[in-house]
Structures are given as structure tokens and as C-alpha cells.
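>>> Mind folding the following:
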Amino acid sequence: MSNYSSIGPASRIETAYVVLVSAFSVVLVLTNVVGVKLFTFSFFGLLEKPITLTSGIVTYPLTFLFTDVVSELYGKRRADFMVVLGFFLSFMMLGIVALVTGLPGSEVWVNRDLGFTDVAGMQRAFETVFTLPGVLVAASMSAYLTAQLLDNRLFHLWRRLTKGKHLWLRNNGSTVLSQFVDTVIVNSIFLGWGMGLSASVVWSIILANYVCKVCLAALDTPLIYLAIAFLKKYLAIEKQDSA
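Now for the predicted structure:
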């Protein structure tokens, strides 16, 4: 039985859950799309030499926020369902992208305003954005499933230990640990095994990415309080201590 499924209007409870699952799935799928772009970041000028990060770091941390909100309001089982659903939806997206990539391009598709002169150029541009290496997909999906399910279990472990209090602790405590697992898995497989980079280089990238993820996890703490407060009011949930 989930935490609040028997409290408040049933239709609102299910509607809110569908919205959360949909938003989670959209953000997760977008992570696989935008994650192919690498960008430089200097921690607002604090670093002499900017570090290189994947654009997925902008969207992926949000998935842990959604997971924690669903865990808090609906329980572990429904949060696990959302995570597994996102896993299969990601592969569905990748399958559709692979199918569309193989379709023959039309001359009408060529955008000369952007400097392309033929279908082949447009096709290369499309593949650059949407085609993901098999190793990256395996690393990303393995890391995602492991980290998200771990996050859910750690969230409820902290919830039991604190007897339902200190939402900030279970939010950050679960995310910080699960994000470390995620970062190690995806970078070890893709950079170490896939690209053959040295262990020192791989670990330097892991550290840089993890520090950014921890900072983002801390920044989303007010967001989870706002989300929980809004949804409790919307769902007419009785006040429960989660300070």
C-alpha cells in the first residue's frame, strides 16, 4: 500500500501520478537526446582550466527529484514502476530513432540556409545529433536503472531511520549516493572500456561530473519541499511531519 493512496480524492491522486510519470519520462528521454553534446564549465570562473561535461547533466538530475517526490507521496512500489517504465521507454525512443535514421532523405529536407547543399550532409548532421554509440547506450541505461532503483531504496531506508522526518536528509542522502554509483558506472564503461582512456583520466572526469551532480542535488532541495507541499495541498493530504 502506498503512503497516501487512501487519502484525498482518488481522481486527483491518479492524475498527479500520471503527470509525474509523464514528466519523468520526458526528461529521461531528453537526457538521451541532449546528452551527446559536450560543453565546458569553469564553475563561474573559479577554475583556470574549464572542465568538459555532458549536457545530460542539465536534465538527468531532475529525474532523481521526480523519483523522490513519487517515493514520498506514493511509495516505493510505484516509484520503482516509474523507473522501470522509463527504462523501456528510453529503448523505445532509441529504436524509433534508429528506424527514422535509416529512412532515405528527401531533397526537400535540405536546409541551404544552414549551409547544407545535399541530402548526405543533412543525413550526417542528423546522425551526429541522434545516433548514440552502442557502448554509450549500454553504459547509460545500465547506470540509470541501477542508480534509480538504488536511490528509491536508500530514500525509504533514510525515511525509516528518521521515522518520516527530515525530508532534506533522505532526498540528498539517497541522491548523493546513487548519483555516485551512476557516475562511476556510465563513465567506467563508456570512457574506460569503450574509449580506452586511462584510469587516471576516467577518474578525473568521474570526479568532475560527480561534484557537479552533488551541487545540483543540493540545489533541488527547496524544489522537493515546494513540490511536496503543493501536491499535498492539491491532493488534500492530511499534514504529516516531513521536516
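>>> Tell me where the protein has helices.
Listed in chain order, the helices of the chain (DSSP state H) span 10-34, 56-74, 76-101, 119-130, 134-161, 167-187, 199-219, 221-234.
>>> what residue lies at the spatial centre of this protein?
Y60 (2.7 Å; C-alpha atoms, centre = their mean).
>>> which residues touch the residue nearest to that residue when sequence neighbours are not counted?
In this structure, Y60 finds its nearest non-sequential neighbour in T31, 4.7 Å apart by C-beta to C-beta, 6 or more residues apart in numbering. Any C-beta I mention is one placed from the backbone N, CA and C, and that applies to glycine too. Neighbouring residues of T31 by C-beta atoms under 8 Å, 6 or more residues apart in numbering: G56, T59, Y60, T63.
>>> swap the cut-off to 7 Å and go again
Contacts of T31 were listed using C-beta atoms under 7 Å, 6 or more residues apart in numbering, and they are G56, T59, Y60.
>>> repeat for L177
L154.
>>> Pretty sure V110 sits against Q123.
No - at 10.0 Å, V110 does not count as touching Q123 under the criterion of C-beta atoms under 7 Å.
>>> Model confidence for G194, exactly?
Here, the pLDDT recorded for G194 equals 67.
>>> What about L161, how many residues nearby?
12 (other C-beta atoms under 10 Å).
>>> what about it, distance to E72?
15 Å (C-beta to C-beta, to the nearest Å).
>>> Give me the sheet partners of the helix-or-strand element of the chain with minimal mean pLDDT and which way each runs.
Across the helices and strands of the chain, mean pLDDT, DSSP states H and E gives its lowest value to strand 51-54, namely a mean of 77. Strand 51-54 has the following strand partners under DSSP bridges: strand 38-41 (antiparallel).
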